[in-house]
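Colleague: Provided below for reference: sequence and predicted model.
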Amino acid sequence: MKEHPHTSPSATGGERPPSSSRWPSRRAVLLAAATASAATAAPLLSATSAAAAPDRHGDLLYIGTWGRNQVHAVRFDPVHGTMTPLGPVAQVSSNWVTVHPTRPVLYVAGGEPGGFVRTFRIDDASGALDRTGELATETVPGGSGGLSYIGLTADADTLLVADFATGTAVTVPAGRDGRLGAVASRVQDTGSGPSPRQAGPHPHHVVVDPSRRFALVADFGADRVFVHAYDRASHRLSARTPDGPGSFATAPGSGPRRLAFHPNGRTVYLLNELTADIQVLRWDAGAGVLTPRRLLTTNAPGHTGTTSAAELAISRDGRHVYVSNRGDNALVVFSADPDTGLLTESQRLPCGGVTPWSFSLHPGGRWLFVANEASSTVDLFHVDPKSGHLTDAGTSVAVPSPDCIGVRSVGGRQEAQRKDSDSDVT
């Protein structure tokens, strides 16, 4: 994981209109200068142009770019497996992006001081974005790192934020229209690890368990998974005793990065970045306790050099688990036992580029998109639903330093959108 650039101004209550009065950071100025020529060559797709653009069929991919201060869009045809680049659609820092599951809303996590989350309304016909709000999630300036993750709960009523810079996990209520409210809670992590990159706590991922009573935080810097009480009604996290039964300690220097629950609700998978291994953990939903069961490497046999795992996902039916390994430039597929949740490696293949920072499964389950950051490509893989195995489709699009991919599934939601009023997000 490359560290994110950030610190933070004071937070405000709820989203606010975009402001041009804040001074940009020195790094932001340098990055803007470095990318100015690219932005000029590929004009921003504006909301104005979207209104005049012809209707196009297919889903939309929104891609964050590491250190490039842009969000790019790609039109994806899930029937034919084709990707058509639409170019940059927002000039904004984009450490992480996530798409609302039913509303045409994109959330973008910034990398500059303040822990900013910006919201955009999506024009499904053109892919254009219209910025609708901005929320500062930090109260005091943090160190380097910024926001490392944002994601919505299963019922899309709360935005979960991992603040790498300040060592905090943050929750923000989200309305039925996708609009964000004021910050509901901040929980401060504690601890450190032996790596120079682990001088303090650095949350990297936040998920709510299936019972919706607990939130789990994978903390890269503290070598722990913190288990916090979660109140669904108030959208609040409450810290438990750091060394109590709700805190799971990994091996020193592991660097916990990603978490995923098996659909059975009894198994949690934890991907550790620095040691590039995946842990199978038992989850006690009554007590909110994790216990270790099995540890598997994601490195190739005879691996040498950099060790770095990055992304983790599980198929909707829970039968297949996917991991990206940046040290090997590989994707690794595991088969999950339907009863026990234990894993067996079933496939290993090249990622289609260099440094697979992240990937996303298409909601239909037949495609996987890989953000290969160092090669500046987004590569497409076909998913066999029975075996879970991946096949490189031989299709890629050029995107500068892609770091994450959000998928807006347009086709199945057009009827729902027709029922939405323009007051959803304005």
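Modeller: Yes, it's here.
Colleague: next up, the contacts around the residue lying closest to Thr395 once chain neighbours are set aside.
Modeller: Counting by CB to CB, 6 or more residues apart in numbering, Leu380 is the residue found nearest to Thr395 once chain neighbours are left out, at 4.4 Å. Where you see a C-beta, it was placed from the backbone N, CA and C, and this is true even at glycine. Shown in contact with Leu380 (CB atoms under 8 Å, 6 or more residues apart in numbering): 81, 83, 352, 367-370, 392-393, 395-396.
Colleague: ditto for Ser360
Modeller: 61, 313, 368-369, 404-407.
Colleague: and the residues you listed as TSV, adding distance to Thr267, secondary structure and pLDDT?
Modeller: Shown next, in TSV, are the contacts of Ser360 (distance: CB to CB, whole Å; DSSP: H, G, I helix; E, B strand; the rest coil; pLDDT from 0 to 100):
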residue	distance to Thr267	secondary structure	pLDDT
Leu61	30	strand	98
Ala313	15	strand	98
Leu368	22	strand	98
Phe369	26	strand	98
Cys404	25	strand	97
Ile405	26	strand	98
Gly406	26	strand	98
Val407	25	strand	98
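Colleague: scan those and report the most crowded one.
Modeller: Leu61 (29 neighbours; other CB atoms under 10 Å).
Colleague: what number of residues lie near the residue nearest to it when sequence neighbours are not counted?
Modeller: Of all residues not flanking Leu61 in the chain, Val74 sits nearest, at 4.2 Å (CB to CB, 6+ apart). For Val74, the number of neighbouring residues by other CB under 10 Å comes to 26.
Colleague: wait, Val74 sits on Thr82?
Modeller: No - using CB atoms under 8 Å as the test, Val74 is too far from Thr82 to be in contact (10.0 Å).
Colleague: got the contacts of Ser360 as CSV, with distance to Asn272 columns?
Modeller: Formatted as CSV, those follow (distance: CB to CB, whole Å):
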residue, distance to Asn272
Leu61, 28
Ala313, 16
Leu368, 22
Phe369, 24
Cys404, 19
Ile405, 22
Gly406, 24
Val407, 26
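Colleague: which among those residues gets closest to Pro210?
Modeller: Closest approach between the contacts of Ser360 and Pro210, by CB to CB: Ala313, at 16.5 Å.
Colleague: OK, contacts around the closest one?
Modeller: 260, 321-322, 359-361.
Colleague: those: which two are farthest apart?
Modeller: Longest span within the contacts of Ala313, CB to CB: Val321 and Ser360, 14.7 Å.
Colleague: could you list every residue that touches Arg236?
Modeller: Contacts of Arg236 by CB under 8 Å, 6+ apart are 171, 184-185, 230.
Colleague: can you pull out the strands in the stretch 151-300 of the chain?
Modeller: Taking DSSP state E, counting those that start in this stretch as the criterion, the stretch 151-300 of the chain carries its strands at 158-163, 168-173, 185-188, 203-208, 214-219, 224-231, 236-238, 247-249, 256-261, 267-272, 277-284, 289-297.
Colleague: quick one: pLDDT of the closest residue to Gly221 other than its chain neighbours?
Modeller: Nearest residue to Gly221 in three dimensions, chain neighbours excluded: His202, at 3.4 Å (CB to CB, 6+ apart). Here, the pLDDT recorded for His202 equals 97.
Colleague: may I see the buried residues of stretch 206-217?
Modeller: Within stretch 206-217, the residues scored as buried using 16 or more other CB atoms under 10 Å are 206-210, 214-217.
Colleague: now Leu76: which helix or strand?
Modeller: No Leu there; residue 76 is Phe. strand 71-77 (DSSP states H and E).
Colleague: centre of the chain to the next helix or strand after that strand, how far?
Modeller: Moving toward the C-terminus from strand 71-77, the next helix or strand (DSSP H and E) is strand 82-90. Remark: strand 82-90 is offset 19 Å from the chain centroid, using CA atoms, centre = their mean, to the nearest Å.
Colleague: let me know the angle separating strand 82-90 from strand 71-77.
Modeller: Orientation of strand 82-90 against strand 71-77 (axes from the mean of the first three to the mean of the last three CA atoms, to 10 degrees) gives an angle of 160 degrees.
Colleague: check which helices and strands whichever helix or strand comes after strand 82-90 sits against.
Modeller: Once the chain leaves strand 82-90, the next helix or strand it forms, by DSSP H and E, is strand 96-99. Secondary-structure packing of strand 96-99 (3 or more CB pairs under 8 Å, 6 or more residues apart in numbering; DSSP states H and E): strand 59-65, strand 105-109, strand 147-152, strand 402-408.
Colleague: can I get strand 96-99 in PDB, CA atoms only?
Modeller: The C-alpha trace of strand 96-99 is given here as PDB (Å, rounded to 0.1, in the frame of the first residue of the first chain):
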ATOM      1  CA  TRP A  96     -11.400   5.700  -2.900                       C
ATOM      2  CA  VAL A  97     -14.800   5.800  -4.600                       C
ATOM      3  CA  THR A  98     -18.000   4.000  -3.900                       C
ATOM      4  CA  VAL A  99     -21.300   3.900  -5.700                       C
END
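Colleague: paired strands for it, with orientation please.
Modeller: Strand 96-99 pairs in its sheet with strand 105-109 (antiparallel), by DSSP bridges.
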